[in-house]
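Q: Fold the following, please.
(2 chains)
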Amino acid sequence: MNALLATVLQLVGVALAPLLPGTIQTLKARLQGRRGPSPLQPYRTLRRLWSKSSVAPDGAGVIYRMAPPLVAACALVAIAIVPLAGFSYDLGVGHDVLALIGVLALGRFALAVSAWDTGNGFSLMGAARDVMLAVFAEALLALTFLVAALPAHSTDLGRMISAAAGVHPWQQIAHWCGAAAFILVVLVETGRQPIDNPDTHLELTMIHEGPLLEYAGRDLALLQWSAQARHWLVLLLGAELFLPHPLAFPGALGALALGIVAQCFGLAVIETAQAKMRTLRAPALLGLGCLVALAGVGTFVTGVA
Amino acid sequence: MTVLLLVGAATLAVGGLLAAVPGSRRTPGGGRISGTILLQALGMTLMGVTGAAALLRDRRIGMSFHSSVSPALGLDPLSGFFLALLALTAVPTLIFADAYLSGVQGAGRRRALSALMAGFLLALTGVLTARDPMTFLASWELMTMLPAASILISRRDPEVRAAVYAYVAITHLGGAGVWIALLVAAHHGALGHPQALTAAGGATQALVAIAALIGFGTKAGLVPLHSWLPRAHPVAPAPMSALMSGMMIKVALYGLVRVEFDWLGTQPLWLGLAVVAVGLLSSLGGILWALAQRDLKRLLAYSSIENVGVITLGLGASLILLHGGDRLWASLAFAAAMFHTVNHAIFKSLLFLGAGAIERAVGSLDLDHLGGLMRRMPWTGGAFLIGALALAGLPPLGGFASEWLTLQTLLHVALRGPLGVSLTGAVALAGLAATAALAALAFIKVVGLVLLGRPRTERCAHAIEAPVKMRVGVSSLAALCVLLGLVPGIVVPKLMGLLPYGQHLAPRPGFAIPGTGSLPTLGIAIGLLLLTALLARTRGHSQPAPAAAPSWACGQAVTPQLDWTSAAFTKPLRLVLDALMRPHRQLEVVQTGTITQRIHYVSHTPSLVDRLLYEPTVRAALRAATLARRLQTGNIRTYAGYLAALVTLALVLLGTGVLR
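A: Reported below is the predicted structural model:
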């Protein structure tokens, strides 16, 4: 019974993922005084892509063919690792936060390697920037998760989420530091401004979009869904680890929904107010996040409240 | 058991000697597996079995450690573990070498290399089984010199000779630390008696600890004493570089563990912090310079420095936790380091052997002159890809499992406080995460440039798959990588037994550590595999095979000039870390009138440590030598003057009673 419920809950995540970028786009358009597309636009795009045929570039081989399913599988496993609304049931992949980082890294590796298989300069340019940012993003990710793991004494997401529930964590400076650093995690992992511009149509400025250039049809649909699943994962983690929420199941679900919507709104505001920064300046910003998280670790250990 | 060990060593020695006999038909090179290699592999297997028995049954074989000069040999679980690991990597390497050596020019050279390999394996075994200081130091020196000999035999150009000179010089200067540590420890009778050094006092303990860290650290390739490694490893013949990177630097770590954990008695806190700092410096430094390399084997050598750093991080965490009295976690951290040792030994041997096979097939290791080999060499390429994935620390392979465990222990260090220790743990955690991402970046580049895309040279386009024996060598190592990634939880409890902690963690496929998260490796691997297969099916079902089209280059024709190079892919990171990496660029434009005829661009990234540490040292040494040379006038009267001065000085000293 629990297994069934857990599977259903995770499938909700799979299904809702495309809604998040759609919502952000709609909110952003409203904030900018445009009407903008419907929040359901990503679903329509996915349906359209699913019925198209695919084209492979000359010389591309098995890595190019296998990358989209592998990237999507990584996203699916990652979704299964993160428990929803404090309801943690192990689907066989555990709930470990370091395993989550590893699985996401595998997806990134597969995508970047596929860019080499196509040999496309623009894909490689995007992949090179993506993996460069990943170096700093992974350090930041490890540190923010460390801040969240300190009160739980565990890297198990279920325990981390319950340790972050209620009012108590907010009395600690460490939690505030973690939340501040996590804002940067959200920006870099979702690939949004000021770090990356998801709306760009200029190959030279692409980061996350770059390696997708050569794909078409269902391959592209899988890759786009994977990017949307990343939105889902990161916003879900943000709401569960660094936004206020109760511990009990129904209330947690409500707080989760609110938290995700609030983060979408926040991202829309940032995208409206903030231009994309130079790619080479982004690591400094992420480094700042690392320092904030380190300060959080320091205050937690010394017991400064 | 002792008999098995001795028979193994004797078989290995006989195999090596027979290989050296001129005119013998048993020398490597035939179509079948040659007799001498078979003997060597058999000897190695026998010794490996003995080692595994010592580890698994937790037994001591032969004699135990003593501090006097009479020679003694024996095994305990720790050296048994390293010996088993040596056999695990050496046997595939020997099988590979059988095919590899047949391509070496000249029968004499082939014989010498084959014999030297057996000698090198014996020396490694000698270090591991030595139970007295003299045998240890003798094997240690042999272990340093034999690879140098094999490099000089296989290649003679001045560049290689300079590399070997740097190798021998740096490892000997640093290696003095090994002698100091061992002889001081033996002087106090500390070999096998850890209380002795504790009784000898803090200063002696500190001397031994620091001397061992410098001595063994040099040989293990820890930054800043690593400079010999990226020079010597790439120029050795492939099986030799596999053994050097796979095992020789691990044997140095064995020495480090033996002194710091076994003989030191009590571990001071500063030692743990220093070891973590050195480990962090090595892992980040190693992989950053690896990124800047264009030569495949040089890149692999730098990544060995990174991995030794990761292992050292685990050892440092273990020392810190031991000081804090947290036996369970200290033992876990130790097991994490040892498990990464296993993983690195296997995947680095695999990658070096793969590089050797590729060099044989296409005649070059310049990353910008390879490409498209996955299609031409599916076996070697596939194994190489698995090795690269394991090195990049990606699930579901062995490298990920050991990095996960190391991250967990660093997290635990961060959790324990006090503030300084805790922040050290947190910084090391972030550093290790960044190291993993950098390793992924480096090996995305390697996989892309070597295996994928279009072949960049004519020879790559017509490369032929390596011979069966080479394939067997790399494939068996790749299978081990996968296996270790699937069931790491079976190996790790055994390794925790090397630093006893009074409890027993039940073996299971994944990790489930009391008091923190768990890693169901099998579940993640099966999940990834099933979902990928499922998605690949749904994707490919209702569609015809994809049509081929030129890749998108904004409407230009796609020409080889548009191909990306090794330097291009790492450029964003080089720009971000400009202050740290200090690349040298040289741009030369030849123009006639306003027409550009030719553009020549050279860029290389010198090692910062070389420039800031080694170059001043070398300059100072040369200056001192110039000064000393002034004493040598070549004039007989000056020498007579020196003699007279010396006699006078001696008489004065005798007269004043200083000399008696």
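Q: going forward, measure contacts between C-alpha atoms and count neighbours the same way
A: Noted.
Q: okay, now B:Ser551: neighbour count?
A: By the measure other CA atoms under 10 Å in any protein chain shown, the count of residues near B:Ser551 is 24.
Q: Could you pull out the strands in the chain for me?
A: Picking chain A for this. Shown for chain A, the strands assigned by DSSP state E span residues A:55-57.
Q: other chain: chain B
A: Going by DSSP E, chain B shows strands at B:61-62, B:74-75, B:511-512, B:518-519, B:547-549, B:584-592, B:595-604.
Q: Format the CA atom coordinates belonging to the longest one as PDB.
A: Looking back up the chat, that one is strand B:595-604. Taking Å, rounded to 0.1, in the frame of the first residue of the first chain, the C-alpha atoms of strand B:595-604 are listed here in PDB:
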ATOM      1  CA  ILE B 595      46.600  39.500 -45.700                       C
ATOM      2  CA  THR B 596      47.100  37.100 -42.900                       C
ATOM      3  CA  GLN B 597      49.200  34.200 -44.100                       C
ATOM      4  CA  ARG B 598      49.600  32.100 -41.100                       C
ATOM      5  CA  ILE B 599      48.600  32.100 -37.400                       C
ATOM      6  CA  HIS B 600      50.600  30.200 -35.000                       C
ATOM      7  CA  TYR B 601      49.300  29.700 -31.500                       C
ATOM      8  CA  VAL B 602      50.900  27.900 -28.600                       C
ATOM      9  CA  SER B 603      49.500  27.700 -25.100                       C
ATOM     10  CA  HIS B 604      50.600  25.600 -22.200                       C
END
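Q: That one relative to strand B:584-592, how many degrees between them?
A: 170 degrees (axes from the mean of the first three to the mean of the last three CA atoms, to 10 degrees).
Q: Next one: residue 261, what pLDDT does it get?
A: Just going to use chain A. A:Val261 carries a pLDDT value of 92.
Q: The chain in question should be chain B.
A: 88.
Q: what sits against it?
A: B:267, B:319 (CA atoms under 8 Å, 6 or more residues apart in numbering or on different chains).
Q: how much space between it and B:Val492?
A: 18 Å (CA to CA, to the nearest Å).
Q: surely A:Gln10 meets A:Leu84?
A: Yes. Contact criterion CA atoms under 8 Å: A:Gln10 and A:Leu84 qualify, at 7.2 Å.
Q: still on that earlier bit, could I get the strands of chain B as a markdown table with mean neighbour count?
A: Output for the strands of chain B, formatted as a markdown table (neighbours: other CA atoms under 10 Å in any protein chain shown):
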| stretch | mean neighbour count |
| --- | --- |
| strand B:61-62 | 18 |
| strand B:74-75 | 24 |
| strand B:511-512 | 20 |
| strand B:518-519 | 25 |
| strand B:547-549 | 12 |
| strand B:584-592 | 11 |
| strand B:595-604 | 10 |
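Q: which one is the residue of chain B found nearest chain A nearest to, not counting chain neighbours?
A: Per CA to the nearest CA, the residue of chain B with the smallest distance to chain A is B:Thr516, at 3.9 Å. Nearest residue to B:Thr516 in three dimensions, chain neighbours excluded: A:Ser154, at 3.9 Å (CA to CA, 6 or more residues apart in numbering or on different chains).
Q: Check what pLDDT that neighbour gets.
A: A:Ser154 is given a pLDDT of 87.
Q: which residues touch it?
A: Counted by CA under 8 Å, 6+ apart, A:Ser154 has contacts A:160, B:515-517.
Q: longest helix of chain A?
A: As assigned by DSSP state H, the longest helix anywhere in chain A is helix A:121-152.
Q: What helices and strands are in contact with that helix?
A: Helices and strands touching helix A:121-152, by 3 or more CA pairs under 8 Å, 6 or more residues apart in numbering or on different chains; DSSP states H and E, are helix A:97-118, helix A:157-163, helix A:173-190, helix A:282-302, helix B:419-451, helix B:566-569, helix B:571-576.
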